[in-house]
Each structure stands twice: as C-alpha cells, then as structure tokens.
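Visitor: Here is a sequence together with a model predicted from it:
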Amino acid sequence: QLEDSSPLYIVLPHTLKDVKNICKFAQREKINVSVRGGGHSYINASSSGQMIISLEKLKGLELTLTPTKRFAWILGGSRLGEVAYALAYNNLETPHGVCPNVGVGGWYLGSGEGLWQRKYGLGGHVLMDVDMLLLENNKFKRVKSVATYDKDLMKSLRGGGQCNFGIVLRFKIKVFPQSK
C-alpha cells in the first residue's frame, strides 16, 4: 500500500531559472522536494515530497541539423508524444516509448524501451548529454553539459538516473532521418 503522498505545494516553474530559485527556497525553508516530469512513476517518486516541482510548463525542443551534427535538446517537461510529433514534422525520428503521455525525464533516465530500439538502441543509447541542476557543497549549481563536467555522472544517468542525482532540465538526444 502506498503512503499518503499528498504534497503541501505543487509548483510550476515557467523558466529554467525558476527551477533553481524554487530549489533554493525549498532548501532554505527545509521543504522536501520531488520533481515531476511526466508523473508516470511506478514507485510514486514524482509525488512523494512536501513540494512537487512539476516541469509540465517547460516543454519544447531545439534541433541542430548540420551535415556533421544531428541532435535535439528537449526541455524536461516534454512528453514522448510531443517529441515524436515534432521530430516527424521535421522528417526525423529517435527511439521513444509507446505511450505519448510519458515524460521524457523518466523515460530517458530509466534507459527507455520502446519503438525503434532495435534500429537505434534504447533511450539511454541516444542520450548524449543533459543540462542539470546539482546540489554541491550545499549550493545549487547548474551544469549545462554533464557529459563535459562529469563523464561518470553522465554514464550513470543513462539508465540509472531516476531520482538520484539532481534535476535534469534538458536532454540532448541523437536524432535520425525518418525511415521510409
């Protein structure tokens, strides 16, 4: 049986900077925080704090397409269906799950099984980098490229990063030309 997990506060940041400010406030006031990307946590991890920081207002993706580079930065509140549709609109694809309402955070950080995995691998295989809010020496620090900052942490995030290391604000993923 799950414990009563009714939060005292649900906060919806509108910018990435808002997330950091909310975390500073919660730390100062000693409020236990959970982060909700999509809210599909089987262990109720995204609903188990006194304050839930819901990333649902932080949606969208930014594509980089050159002859040598092809990737997307996805905001942490995005859902798999939104990403798949945006990529398809640009004749691109990447592995994604079968439920369009699942949040990208739990899916990529949980390794990500689903469509296209035989062709491109799991979600963790296409996860190139993350932009993340970390707590270091009791201070919040935004790390815009964890792959550059700490290779071991980046490796850990590919499949084992749910609820453990910080708040992922954006995900950098490989994208591929759409199959014909």
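Guide: All right, it came through fine.
Visitor: what packs against the top strand by length along the chain?
Guide: Ranked by residue count and defined by DSSP state E, the top strand of the chain is strand 127-136. For strand 127-136, the packing partners by 3 or more Cβ pairs under 8 Å, 6 or more residues apart in numbering; DSSP states H and E come out as helix 16-28, strand 139-143, helix 146-149, helix 151-160, strand 167-174. No exception for glycine: its C-beta is placed from N, CA and C like everyone else's.
Visitor: Tell me the buried residues in that strand?
Guide: Burial within strand 127-136, assessed by neighbour count using 16 or more other Cβ atoms under 10 Å, is assigned to Leu127, Met128, Asp129, Val130, Asp131, Met132, Leu133, Leu134.
Visitor: Dump the lowest-mean-pLDDT helix or strand in the chain to CSV, keeping only the CA atoms.
Guide: Least confident helix or strand of the chain, by mean pLDDT, DSSP states H and E, is helix 117-120 with a mean of 78. Provided in CSV are the C-alpha atoms of helix 117-120 (Å, rounded to 0.1, in the frame of the first residue of the first chain):
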residue,chain,number,x,y,z
GLN,A,117,15.0,0.4,-30.1
ARG,A,118,16.1,-2.4,-32.4
LYS,A,119,17.1,0.1,-35.0
TYR,A,120,18.7,2.8,-32.8
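Visitor: Need the residues that contact it.
Guide: Thr94, Pro95, Val126, Lys174, Phe176, Ser179 (Cβ atoms under 8 Å, 6 or more residues apart in numbering).
Visitor: correct me, but the fifth one touches His96?
Guide: When you say that, I think you mean Phe176. No: here Phe176 does not reach His96: they are 11.8 Å apart, not a contact under Cβ atoms under 8 Å.
Visitor: ok, these two, which is more surrounded?
Guide: Higher neighbour count among Phe176 and His96: His96, with 26 against 15, using other Cβ atoms under 10 Å.
Visitor: Let me see the contact set for that one.
Guide: Leu80, Val83, Ala84, Trp107, Gly112, Gly114, Leu115, Trp116, Gly123.
Visitor: check contacts around Leu65.
Guide: Asn90, Leu92.
Visitor: Local confidence estimate at the one residue sitting closest to the centre of the chain?
Guide: What sits nearest the mean C-alpha location of the chain, by Cα atoms, centre = their mean, is Gly105, with 2.8 Å. Gly105 carries a pLDDT score of 87 in this model.
Visitor: How about it, nearest residue that isn't a chain neighbour?
Guide: Nearest non-adjacent residue to Gly105, counting by Cβ to Cβ, 6 or more residues apart in numbering: Gly37, 3.1 Å away.
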